[in-house]
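A.B. asks: fold the following and give me the result.
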Amino acid sequence: MALVPALLLGSHQLWGNPFSPEPYSVSVPVTLKPYDAQLWSLVNATSFDAAREIAPDLPDPTALPTVAELAGGDGEAALPPANAAAMRMEAYVGPPPTRYVFRGATATDTARAHYCLTAALYYEAASESDDGMRAVAQVVLNRVRHPSFPGSVCGVVFQGSQRPLVCQFTFACDGAMARSPSRTNWSRASRIAAEALAGRTFPAVGVATHYHTTAIWPSWGRSLAMTNIVGAHIFHRWRGRYGTPAAFSRPYSGREPAPGPYLPIAAQLAARAGRNVPSAVVPGTVAAGVTPAMPAGAPAGAPDAATVAAINAARNVPVAGTAATAAAPVPAPINTPGFSQPPVPVAAQPAPSYADPRLNRSGTVREEWRDSGTNIRR
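C.D. replies: Reported below is the predicted structural model:
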C-alpha cells in the first residue's frame, strides 16, 4: 500500500500539478560553441573587397546580370526579357509533342502515308496558312501514336469513312473529295506533309488529338482541354493521363492500308443531299449519259447538275421510258408475324451502281477483273 502514495508523489513531481498556478519549465543542457571569428568578420565587412580578403573563394556578384541589365538599362548586350505572352501560351498549350519520324515499311507504304496526310491537309485546311496545315498534320500524327486510334496514317485519316457523314474527318465521307484539288494548295499540303512525316513537330497545338472550326462548339468539346486556336480551328487534347506525352507511346509499324474513302463518293453525295436537300429537288429520272438540268424553283443550296447526276447514279434511278421502267413492279412484302420488315428477294433487288459522272472512268471495270468474286463455272 505504501507504493501507491510513492507513485502519486512521483507523478506529481514529474508532470506537475494541473491545478497549481506555478508555470512548468524544463531545463535542457546545451553546449555553446564559441563564435566563428572569420564568419563574424565577413558579416561585418564594409565592402566586397574587404570580404574577399577574409574569404577569397567568395563568388563575384558582378559576374551575374542584374535586373537592370536584363532589361537593357545599361546599354550592354543584355539577355532578352521574359515574354509574358509566350509564357502564358506555353502554359496554355500544354506539353509539346515528341519528335518522331514515320518511315514506311516499303516504298508503297511511304507513298500511301504521304498521300493520305496530304489529302487531310488539303481538304481540311486548304484555305489555312502553313501553320494551319501543320496544326492539322500534328493532330493526325498524334493520333497515329495514340493507342485509341488506328496505328497508320491512312487508317487515322479515313477512319469511319465506310459510313456516310459520320467519319472522323468529315471530308472523307461527305463527298468533299469530289472536288478536284488545286495544284498550288495540293503542292503546299504535300510539302508540309513530307516535313511532318520526317519528324517536324508543331508545338503550338501540343499533343492535341481533336479540333473543330471556330464556327461551332461540339458537345465533346467540354470534356477535353483546349490547347490553342490556329487559324479557323480550335484544338483540344484529352484530360488526365490520356493527354500526356507518355500516352503517345505506340511505335509506328510502317504498314499502311489502301487509302480511302471506303464509301463511294457518289453514295456520300447521295447521303449528303438526302440530309440537306428535299427529295423533290432531285429529279426522279435521268437519261443515261445526259446531264440533268436543275428543276425550276430549286431552293438555295441545291446541288448542281453534276451532283444530281451522281446522286441518281448512286440511287440507281431507272431511266424513264426504258425497259427498266416498264418492268413489273416488285410486289409489296407480306407482313409476316415476327418480322417488322421482311427482306426483299435477291432477284428483285436492283444491281448496285458506283458510277460518278464527275470522276474519270468511274463505274468501269477492267475486262480481266469483270468476273472477280463470282462462282467458277465448271
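A.B. asks: any idea where the helices of this protein begin and end?
C.D. replies: For the chain, the helices defined by DSSP state H cover 3-15, 37-43, 48-54, 67-70, 84-93, 107-125, 130-145, 153-157, 183-197, 265-276, 305-315, 323-326.
A.B. asks: how about residue 210, nearest residue that isn't a chain neighbour?
C.D. replies: Spatial nearest neighbour of residue 210, chain neighbours left out: residue 236 (4.4 Å); criterion: Cβ to Cβ, 6 or more residues apart in numbering. Yep, even glycine has a C-beta here, placed from its N, CA and C like the rest.
A.B. asks: domains in this structure, as residue ranges please.
C.D. replies: Domain assignment for the chain, taken from automatic domain parsing, gives 107-247, 264-289+304-318.
A.B. asks: possible to save those as a markdown table with mean pLDDT, mean neighbour count and distance to residue 101?
C.D. replies: Shown next, in a markdown table, are those (pLDDT from 0 to 100; neighbours: other Cβ atoms under 10 Å; distance: least, Cβ to Cβ, whole Å):
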| stretch | mean pLDDT | mean neighbour count | distance to residue 101 |
| --- | --- | --- | --- |
| domain 107-247 | 93 | 19 | 4 |
| domain 264-289+304-318 | 58 | 18 | 33 |
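A.B. asks: can you put those domains in CSV and add distance to residue 53?
C.D. replies: Shown next, in CSV, are those (distance: least, Cβ to Cβ, whole Å):
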stretch, distance to residue 53
domain 107-247, 51
domain 264-289+304-318, 86
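A.B. asks: for residue 55, find the nearest of the ones you listed.
C.D. replies: Nearest to residue 55 among the domains of the chain is domain 107-247; the distance by Cβ to Cβ comes to 45.6 Å.
A.B. asks: how close does residue 129 get to residue 260?
C.D. replies: Separation of residue 129 from residue 260 (Cβ to Cβ, to the nearest Å) stands at 26 Å.
A.B. asks: err, residue 111, not the other one
C.D. replies: Applying Cβ to Cβ, the value for residue 111 to residue 260 is 15 Å.
A.B. asks: and residue 141, by the same measure?
C.D. replies: 18 Å.
A.B. asks: do the same with residue 194
C.D. replies: 20 Å.
A.B. asks: what of residue 160?
C.D. replies: Remark: distance between residue 160 and residue 260 (Cβ to Cβ) = 10 Å.
A.B. asks: between the two, which contacts overlap?
C.D. replies: When contacts are counted by Cβ atoms under 8 Å, 6 or more residues apart in numbering, residue 160 and residue 260 are jointly contacted by residue 172.
A.B. asks: which ones are touching the closest residue to residue 141 other than its chain neighbours?
C.D. replies: In space, and not counting its chain neighbours, residue 141 is closest to residue 196: 6.0 Å by Cβ to Cβ, 6+ apart. Shown in contact with residue 196 (Cβ under 8 Å, 6+ apart): 117, 134, 137-138, 141, 202.
A.B. asks: adding distance to residue 266, write those out as CSV.
C.D. replies: Below are these laid out as CSV (distance: Cβ to Cβ, whole Å):
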residue, distance to residue 266
117, 25
134, 33
137, 29
138, 33
141, 31
202, 35
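A.B. asks: tell me the one of these nearest residue 227?
C.D. replies: residue 138 (10.2 Å).
A.B. asks: residue contacts, that closest one?
C.D. replies: Contacts of residue 138 (Cβ under 8 Å, 6+ apart): 97, 196, 201-202, 205, 208.
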